[in-house]
Every structure is written in C-alpha cells, then in structure tokens.
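S.K.: generate a structure from the sequence data that follows.
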Amino acid sequence: MRVTTDLWVSALVRRVFSAGGYAAVMRRGASEAGAVFILVRGRDGLSALYGPAAQTSYEAARPEERLFSVLQDAVDDAAVAARLERESRFDPDLWVVELEIGAGEAERFFALTTP
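M.R.: Next comes the predicted model:
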C-alpha cells in the first residue's frame with residue numbers, strides 16, 4: 001500500500017534534516033495523492049529538478065515506492081520556476097520540496113530512474 005503524499009513528504013523532510021541537510025516544503029498540494037517535484041539546490045547556484053517518473057518506469061501494477069526522474073539538471077532559478085509554472089497549470093495539486101544536500105546524494109533520499 002502506498003502512503004499519502006503528505007506522509008511521504010514529511011518523512012523525506014525528516015530524513016534530510018537528520019542527515020544534516022536542509023529541506024523545505026515550498027508548495028503544498030493535495031495531501032492524499034498530489035504529484036511531488038523535488039528541487040535540489042547546489043552550492044554552485046545551479047539546481048536540479050526531479051519529478052514523478054513515467055508510469056512505464058514501474059514494474060508492478062501497483063507500485064509501492066515513488067520513483068523520480070531528472071527533469072532539469074544544472075539550471076538556474078528562472079528555468080526551474082518556468083518549468084514548475086507549466087507543471088502547475090497542468091496539475092494545480094502538485095507539491096514542491098526544496099532540498100539542500102550534498103552533490104550526488106539524491107538517491108540517498110528518494111528513488112531515481114532513467115526516463
């Protein structure tokens with residue numbers, strides 16, 4: 001059984017803080033099943049944006065784990081803001097979580113797949 005988005009995001013934030021990173025919910029969406037977008041800020045001023053993986057990435061008919069794929073990598077704030085604006089027009093119930101973690105540590109906190 002898949003947990004609610006609200007619970008999943010809360011757990012992500014706690015895991016990041018307990019590992020010495022920073023996490024903030026920038027936009028709160030539907031608590032039961034809102035899509036989650038994760039913005040990972042780098043120390044070089046550039047960011048990476050991760051979004052829900054395509055349904056074809058899942059092997060099971062009812063996946064238990066949320067999978068993410070890279071939507072944008074090494075981009076500035078304007079590019080991320082433009083992408084999130086387009087996504088929010090399509091899905092107004094989305095979540096945006098911002099993380100400041102070490103380079104290459106995304107897979108430590110959430111599952112990644114290739115598109």
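
S.K.: can you pull the phi and psi angles for the residue nearest to Gly102 when sequence neighbours are not counted?
M.R.: Nearest residue to Gly102 in three dimensions, chain neighbours excluded: Gly21, at 7.4 Å (CB to CB, 6 or more residues apart in numbering). Quick note: C-beta positions are derived from backbone N, CA and C, even for glycine. Note on Gly21: its backbone torsions stand at phi -100, psi -170 [degrees, to the nearest 10].

S.K.: equivalent analysis for the one 10 residues further on, please.
M.R.: Phi and psi for Ser31, reported as degrees, to the nearest 10, are phi -70, psi -30.

S.K.: contact partners for it?
M.R.: Thr4, Thr5, Asp6 (CB atoms under 8 Å, 6 or more residues apart in numbering).

S.K.: possible to save these as CSV with secondary structure?
M.R.: Formatted as CSV, the contacts of Ser31 follow (DSSP: H, G, I helix; E, B strand; the rest coil):
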residue, secondary structure
Thr4, coil
Thr5, helix
Asp6, helix
